[in-house]
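Student: Kindly generate the corresponding structure for this input.
(chains A and B)
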Amino acid sequence: AQSVSQHNHHVILSEAASLELGCNYSYGGTVNLFWYVQYPGQHLQLLLKYFSGDPLVKGIKGFEAEFIKSKFSFNLRKPSVQWSDTAEYFCAVNGGSGSARQLTFGSGTQLTVLP
Amino acid sequence: DAGVIQSPRHEVTEMGQEVTLRCKPISGHDYLFWYRQTMMRGLELLIYFNNNVPIDDSGMPEDRFSAKMPNASFSTLKIQPSEPRDSAVYFCASSHKRGPPYEQYFGPGTRLTVT
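Tutor: Presented below is the predicted three-dimensional model:
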C-alpha cells in the first residue's frame, strides 16, 4: 500500500525565514503528488499539485515544491514565510500502488510562524 | 462554483442520539469521500463513492456508522447511536472526472461534539 511520511511534526520559524517541509512517499510507479494547507479551524485547501512535466511546481501564496523521483520526495518550500502561513500542511499522493483516486495523506506538519 | 457544501457546520448531541451529516459535492464531480479528523488519529478516510456507488468502506469504524449517496448531488453520513469518542471534525471531499491528477476539494467540515 502507498504511504506518505512527513518527518517534521512541528516547525517553528520567525517571519521572513525560509521554509522547507519534507515529504517522502513509498515507491509504487507513477504517482500524483499534492500539498494541502489547513488554517486553524478551517478545511483543507489545495496548495499545489504535480502529475507530470516540470518537477518544480509553483502553487498559491508563494509556495513551491520539487518532485525528486530518485528520492521519492516532494518537499514544500517558501523563501520567506509570513505570520499568516501559520497552519498545518499535509502532503498527499494518489496513484502508484494505490488507487488512482484515493489520496493517501501524511500525518501533517504544524507550522508556527512567530511575528 | 459554490464548492463542496456540508451541513450542519456544528452539531452537539447527547450520547445515544442519531446524527446525520450532509454533503453536496461540486457539480460534475464523480467521486465523493468522507473523512474524519481528530487530534489523536489525524485525518482518516472513512468511505468513498464513485458515481453514487460505495467503493471502499473499510475505514468506517464500526456498524454504528453508515453512509449513502442517493444521487450525484447528495450524500449522508449517519452515526447511530452516537458515542463521545465520535467527537471529531467530519470532512466531505469530491473530485472530478478530468485528470490525472484527480485532486480532491474539501468542504468546510462538520464539527461534531457528542456529550
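
Student: Test my guess that B:Asp56 contacts B:Ile47.
Tutor: Yes - taking Cβ atoms under 8 Å as the definition, B:Asp56 is a contact partner of B:Ile47 at 6.7 Å. All C-beta atoms are positioned from the backbone trio N, CA, C, and that covers glycine.

Student: so where's chain A uncertain?
Tutor: Counting by pLDDT under 70, chain A has low-confidence residues at A:27-28, A:96-98.

Student: near chain B, which residues of it show up?
Tutor: Within chain A, the residues that sit near chain B (Cβ under 8 Å from any Cβ of the partner chain) are A:32-34, A:36, A:42-46, A:49-52, A:90, A:94-95, A:99-103, A:105, A:107-108.

Student: ok, now with 6 Å
Tutor: A:Asn32, A:Phe34, A:His43, A:Leu44, A:Leu46, A:Lys49, A:Phe51, A:Arg101, A:Leu103, A:Phe105, A:Ser107 (Cβ under 6 Å from any Cβ of the partner chain).

Student: Can you lay out these as TSV showing secondary structure and neighbour count?
Tutor: Converted to TSV, the residues of chain A next to chain B look like this (DSSP: H, G, I helix; E, B strand; the rest coil; neighbours: other Cβ atoms under 10 Å in any protein chain shown):
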residue	secondary structure	neighbour count
A:Asn32	strand	21
A:Phe34	strand	28
A:His43	coil	20
A:Leu44	strand	27
A:Leu46	strand	16
A:Lys49	strand	19
A:Phe51	coil	18
A:Arg101	coil	20
A:Leu103	coil	28
A:Phe105	strand	19
A:Ser107	coil	15
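
Student: B:Pro84 - nearest residue in space that isn't next to it in sequence?
Tutor: B:Val114 (4.9 Å; Cβ to Cβ, 6 or more residues apart in numbering or on different chains).

Student: show me what contacts the one you found?
Tutor: Applying Cβ atoms under 6 Å, 6 or more residues apart in numbering or on different chains to B:Val114 gives the contacts B:Thr13, B:Met15, B:Ser82, B:Pro84, B:Asp86, B:Ser87.

Student: Surely the second one is within a strand?
Tutor: Translated: B:Met15. No - according to DSSP: H, G, I helix; E, B strand; the rest coil, B:Met15 belongs to no strand; its state is coil.

Student: Check the burial of B:Tyr31 by counting its neighbours.
Tutor: When neighbours are defined as other Cβ atoms under 10 Å in any protein chain shown, B:Tyr31 has 20 of them.

Student: Could you verify that it is part of a strand?
Tutor: Yes - looking at B:Tyr31 with three-state DSSP, it is inside a strand.

Student: Quick check: beta-bridge partners of it?
Tutor: B:Asn50, B:Ser95 (DSSP bridges).
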